[in-house]
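# What follows is a predicted protein model with its sequence.
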Amino acid sequence: MEVERIKFERTGGFANMRIAADLDVRDLSDEQAVTLKELLDELDFPELPAKLTSSEPIPDEFTYTITVEAEKWQHTVITGDTPEDEKMQELLGLLNGLARKQMRKQ
Amino acid sequence: MRPCFHPIECVIPEHMLESIATHGTSAQRQAALNNIRVVYQLRAERAMRASFKGLFDSAIPRAINNEKERVIYDAMRRDVLPGTVARREGDAPSSDPAVNEAYDGGGATYDLFMKEFGRNSIDNRAMRLNASVHYRTGYDNAFWDGAQMVYGDGDEDLPTDERLFNRFTIAVDIIGHELTHGVTQFEAKLVYSQQSGALNEHMSDVFGSLVKQYQLQQSASEADWIIGGGLLTENVNGIGVRSMKTPGAAYDDPVLGKDPQPAHMKDYVNTVSDNGGVHINSGIPNHAFYLAALEIGGYAWKKAGRIWYTALRDKLSENSDFQQCADLTHQTAGELFGNGSLEQQAVKNGWAGVGLTVGGDAEPKGCFEAALRFIGAT
Ligand SMILES: [Zn+2]
């Protein structure tokens, strides 16, 4: 899947410290970019429902907002911390790591 | 193909689960629950609990002797709950500080609720206190999953000079906070969104802080009223994650930003993130509680805590908002200490200090001001 940018935000949690990043896919290492694109493909990201959160929020659980931008489309998905899909968990793990790295650099 | 995010609906038809829950023997119910627990873990359990209250109740683990019973698990940095048993009730201390903190903090919380408020654990029926430590890696959070407490180790996976968080068992008020989410789940059931969600957070901060004050035997004026003291590393400019005494002043840091909590209704934050700002606007009732407890004086759990606990148990409900919380705590104070008592007056003054008039309506003031603006009077 050809994508250009990924915007990522984590809110909530006991401490409610916001983590956010605006990632240009070209700035990622080749390995990271490949992993990311594979995950988005496997998830069929543009077809995911906009909300994957449960109807009953869990106290102090993180909420994630992921926006993927490509040349011709863009799609935003909101999810909680424990999505059933393992690929989504992997994607959250990867984006969390990248976001933390980007925040420390600023 | 689109992945399925609702396995209960997709794999096991709802009517089948309902049938097991209604007609199954207790062994069948347990088997169904175990089976689903293994396959779908957290979310499935929660969905089932929400749908089938009878099944949930029989699945609650309870202490055999109807007393305090703690079981601390080690999740071994994986995301599978609960993990391996690390310390049971009555066991000697572990060599792992996180295990001991979860054990001691759970005990301190149980003791406050039992000895001061006469409540026997989370469900008031001796629910076993289960907690897992070392959840995932680099997990800077703690939460109540509907059945147990879960604690991460902060950002232990980063180099020391880059870490922002210590382990989440480090502050006893965090443990009290998480357990109180359980109490709220069984009592007022405050919906975790907007003002009712901020009240849910508020109750957790109140009793979390009271557990710490109770442990240290501090009066309202001696207590620091900080939530999460010791949680932030020395790389962060901050003393904790929230302050009930001075909401908005817990931290101000180049990486983490500034504590966003308001201390007054005029600074109420309207936002969609964080379930409508539940961890943000809780600063308002938090500060009201602090003001009331300080005015009453002495140990805050003795009077202010008792008023709040009684209101949480008997008065507040799913969709209560700040105004209702003000009115109901005021009413409760009258019932416990007498109408017109100093205690009741202190509660009224506490709420007034954050811009809420007991017995009043939050709206007219805003409307009045808007009207004045409209006619150009301000
Ligand atoms: Zn909370």
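Now that the structure is in, tell me what you want to look at.
# Pick out the residue of chain A closest to the ion.
When scored by C-beta to the ion, chain A has A:Asp60 as its residue closest to the ion, at 4.0 Å. Every C-beta, even on glycine, is put in place using the N, C-alpha and C of the backbone.
# tell me the helices in chain A, going along the chain?
A:30-43, A:86-105 (DSSP state H).
# For the ion, what's its nearest residue on the stretch 101-250 of chain B.
B:Ser204 (4.6 Å).
# Tell me the residues of chain A that contact chain B?
Contact residues, chain A versus chain B (C-beta under 8 Å from any C-beta of the partner chain): A:9, A:11-18, A:43-44, A:47-49, A:52, A:54, A:56-63, A:65, A:81-85, A:87-89, A:96-97, A:100, A:103-104.
# And chain B, split by domain according to the record?
As recorded under automatic domain parsing, the domains making up chain B are B:9-194, B:196-377.
# Can you convert those into TSV and add a column each for distance to A:Gln32?
Conversion of the domains of chain B to TSV gives the following (distance: least, C-beta to C-beta, whole Å):
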stretch	distance to A:Gln32
domain B:9-194	17
domain B:196-377	22
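# any chance of those domains in JSON lines, with mean pLDDT too?
JSON lines is the format used below for the domains of chain B (pLDDT from 0 to 100):
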{"stretch": "domain B:9-194", "mean pLDDT": "82"}
{"stretch": "domain B:196-377", "mean pLDDT": "92"}
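# Present the ones you listed as CSV; the columns should include distance to A:Asp24 and mean neighbour count.
Output for those, formatted as CSV (distance: least, C-beta to C-beta, whole Å; neighbours: other C-beta atoms under 10 Å in any protein chain shown):
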stretch, distance to A:Asp24, mean neighbour count
domain B:9-194, 23, 19
domain B:196-377, 21, 20
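# Go through those domains and name the closest to A:Glu4.
domain B:196-377 (24.3 Å; C-beta to C-beta).
# roughly how far out does that closest one sit from the chain middle?
Per C-alpha atoms, centre = their mean, to the nearest Å, the displacement of domain B:196-377 from the mean C-alpha position of its chain is 13 Å.
# for stretch B:119-138, same thing?
12 Å.
# what about that stretch, how long is it end to end?
Using C-alpha to C-alpha, to the nearest Å, the end-to-end distance of stretch B:119-138 comes to 35 Å.
# For the stretch 1-150 of chain B, which segments count as helices?
Listed in chain order, the helices of the stretch 1-150 of chain B (DSSP state H, counting those that start in this stretch) span B:7-11, B:14-23, B:26-51, B:53-59, B:97-111, B:117.
# just checking, B:Pro260 is part of a helix?
No: looking at B:Pro260 with DSSP: H, G, I helix; E, B strand; the rest coil, it is coil, so not inside a helix.
# pretty sure it is touching B:Val269, no?
Yes: between B:Pro260 and B:Val269 there is a contact under C-beta atoms under 8 Å: 6.7 Å.
# if I look at the spatially most central residue of chain A, how far off is B:Arg242?
What sits nearest the mean C-alpha location of chain A, by C-alpha atoms, centre = their mean, is A:Ile66, with 4.2 Å. To B:Arg242, A:Ile66 is 27 Å away according to C-beta to C-beta, to the nearest Å.
# Repeat that for B:His181.
Taking C-beta to C-beta, one finds B:His181 at 15 Å from B:Arg242.
# ditto for B:Asn281
Taking C-beta to C-beta, one finds B:Asn281 at 12 Å from B:Arg242.
# go on, B:His287?
B:His287 is 10 Å from B:Arg242, by C-beta to C-beta.
# overlap in contacts of those two?
Residues within reach of B:His287 and of B:Arg242 at once, by C-beta atoms under 8 Å, 6 or more residues apart in numbering or on different chains: there are none.
# Show me what from the stretch 251-378 of chain B comes close to chain A.
Checking the stretch 251-378 of chain B against chain A by C-beta under 8 Å from any C-beta, the hits are B:Val255, B:Leu256, B:Gly257, B:Pro260, B:Ser273, B:Asp274, B:Asn275, B:Val278, B:His279, B:Ile280.
# How many residues are close by A:Lys72?
Residue neighbour count, defined by other C-beta atoms under 10 Å in any protein chain shown, stands at 7 for A:Lys72.
# Please, which helix or strand holds the closest residue to B:Gly360 other than its chain neighbours?
Setting aside the residues directly before and after it, B:Gly360 is nearest to B:Gln323 in space (C-beta to C-beta, 6 or more residues apart in numbering or on different chains), at 7.7 Å. Assigned by DSSP states H and E, B:Gln323 belongs to helix B:322-337.
# helices and strands around the helix or strand following that helix, which ones?
Moving toward the C-terminus from helix B:322-337, the next helix or strand (DSSP H and E) is helix B:342-352. Packing partners of helix B:342-352 (3 or more C-beta pairs under 8 Å, 6 or more residues apart in numbering or on different chains; DSSP states H and E): helix B:283-296, helix B:304-310, helix B:322-337.
# by how many degrees do helix B:342-352 and helix B:283-296 diverge?
Put simply, helix B:342-352 runs at 150 degrees to helix B:283-296, going by axes from the mean of the first three to the mean of the last three C-alpha atoms, to 10 degrees.
# Report the backbone C-alpha coordinates of helix B:342-352 in PDB.
Extracted in PDB, the C-alpha atoms of helix B:342-352 (Å, rounded to 0.1, in the frame of the first residue of the first chain):
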ATOM      1  CA  LEU B 342     -20.200  22.700  59.900                       C
ATOM      2  CA  GLU B 343     -19.500  19.700  57.700                       C
ATOM      3  CA  GLN B 344     -22.400  20.400  55.400                       C
ATOM      4  CA  GLN B 345     -21.300  24.100  55.200                       C
ATOM      5  CA  ALA B 346     -17.800  23.000  54.300                       C
ATOM      6  CA  VAL B 347     -19.100  20.900  51.400                       C
ATOM      7  CA  LYS B 348     -21.100  23.800  50.200                       C
ATOM      8  CA  ASN B 349     -18.100  26.100  50.400                       C
ATOM      9  CA  GLY B 350     -15.900  23.500  48.700                       C
ATOM     10  CA  TRP B 351     -18.200  23.500  45.600                       C
ATOM     11  CA  ALA B 352     -18.600  27.200  45.700                       C
END
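# Just want the angle from it to helix B:322-337.
170 degrees.
# one step back: can I get the helices and strands packed on helix B:342-352 in a markdown table including distance to B:Glu343?
A markdown table is the format used below for the helices and strands packed on helix B:342-352 (distance: least, C-beta to C-beta, whole Å):
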| stretch | distance to B:Glu343 |
| --- | --- |
| helix B:283-296 | 6 |
| helix B:304-310 | 7 |
| helix B:322-337 | 4 |
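# B:Tyr309 is in contact with B:Thr329, correct?
No: with contact defined as C-beta under 8 Å, B:Thr329 does not reach B:Tyr309; the gap is 10.3 Å.
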